[in-house]
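Q: got a predicted structure plus its sequence, pasted below:
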Amino acid sequence: MKKINYLLAIALLFLYACDQEEAVPSFGEGDGKLGIGFVISSSDNPNARVMQDYLVIESGFIQIEELELELEGRNDMGKFEKEIEIKFSEIKKIEFDKFDASVDFFINIPEGEYKEIELEMDLIDYKNEPSIYLSGTFNDSENNSIPVVFEYFDDEIEFEVEIEPEDDDEYFRVDRIENPLVLFELNPSKWFNGVSEEDLEKAERIEGVIVLNKNTNRRLFDKVAKRIKEAAEIEIEIK
């Protein structure tokens, strides 16, 4: 299967000590924990709710089929390289909104000092639901609030991120105390930048909802999908 390697997000990483809650699932093996979280950022201003003055993206989800990690590090036994593949017994549906930046799940990896961690997330359409789903509101010229839905059906999408120290000669630690968090900050304001107020005014509506997918409002869907595909891969440097 052909794979498209790109990020759909601005990825931020913070090192912090966190208490694992029982409600947060863990996958993989090892005492080190790598937190994964998703949140929507509607603009460059974290306090702003409105992407443009006429469109607000409020929530959504992605569906993950499997995770693949390539680890390069060292521990008491010396240097090591390791590949880990985690295939969920059930498709992992991650729901997100603007304000919840908490950990969605942990990946368990060996404790140690790491030179680099490469992480890939393979997305999938599942149960007639898309790999990527976004919902929001369009405020039209008559001040009516119209629901907007974006559906991305595509089984060949990967999130891909590289995590490494700022200095090539240094390492960063992952263990039961130092739990890195990879926060994927999805930025629909950039994805929908090419969709104007006039575009949405003229868009086809299904039972009062503006739906953007491959079958409805295809021109607008293609604009957003193109920007998603053009998003750059991100390398995270731990300072």
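A: Arrived safely.

Q: could you find the closest non-adjacent residue to Lys93?
A: Nearest non-adjacent residue to Lys93, counting by C-beta to C-beta, 6 or more residues apart in numbering: Gln63, 5.2 Å away. C-beta: built from backbone N, CA, C; applies to glycine.

Q: buried set for the one helix or strand Glu162 maps to?
A: Element membership for Glu162, per DSSP states H and E: strand 157-165. Of all the residues in strand 157-165, those buried under the rule 16 or more other C-beta atoms under 10 Å are Ile157, Glu158, Phe159, Glu160, Val161, Ile163, Glu164, Pro165.

Q: how about low-confidence regions in this protein?
A: 1-22, 42-52, 98-101, 231-239 (pLDDT under 70).

Q: ranges for the helices of it?
A: Along the chain, the stretches classed as helices by DSSP state H are 188-191, 197-202, 218-230.

Q: now tabulate those helices in TSV and tack on mean neighbour count and distance to Asp125.
A: Below are those laid out as TSV (neighbours: other C-beta atoms under 10 Å; distance: least, C-beta to C-beta, whole Å):
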stretch	mean neighbour count	distance to Asp125
helix 188-191	21	19
helix 197-202	15	25
helix 218-230	16	14
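
Q: and the ones you listed: which comes nearest Asp140?
A: helix 197-202 (6.0 Å; C-beta to C-beta).

Q: return the member of the buried residues of strand 157-165 nearest to Ile94.
A: Phe159 (10.7 Å).

Q: could you dump the helices of the chain to CSV with distance to Asp53?
A: Putting the helices of the chain into CSV (distance: least, C-beta to C-beta, whole Å) gives the following:
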stretch, distance to Asp53
helix 188-191, 12
helix 197-202, 8
helix 218-230, 18
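
Q: of those, which is nearest Asn139?
A: helix 197-202 (8.9 Å).

Q: number of residues surrounding the closest residue in space to Val103 that isn't next to it in sequence?
A: What sits nearest to Val103 in space, not counting adjacent residues and going by C-beta to C-beta, 6+ apart, is Gly35, at 4.0 Å. The local packing of Gly35 (other C-beta atoms under 10 Å) involves 22 other residues.

Q: quick check: beta-bridge partners of Gly35?
A: Phe106, Leu181 (DSSP bridges).

Q: again, but for the one 4 residues further on
A: The bridge-partner assignment for Val39, based on DSSP bridges, gives Glu185.

Q: Asp140 against Tyr54, yeah?
A: Yes - between Asp140 and Tyr54 there is a contact at 7.4 Å, judged by C-beta atoms under 8 Å.

Q: now list whatever residues contact both of these two.
A: Residues touching both Asp140 and Tyr54 (C-beta atoms under 8 Å, 6 or more residues apart in numbering): Glu197, Leu200.

Q: distance check, the spatially most central residue of the chain against Arg205.
A: Per C-alpha atoms, centre = their mean, the C-alpha nearest to the average position across the chain is that of Phe184, at 4.4 Å. Taking C-beta to C-beta, to the nearest Å as the measure, Phe184 and Arg205 are separated by 31 Å.
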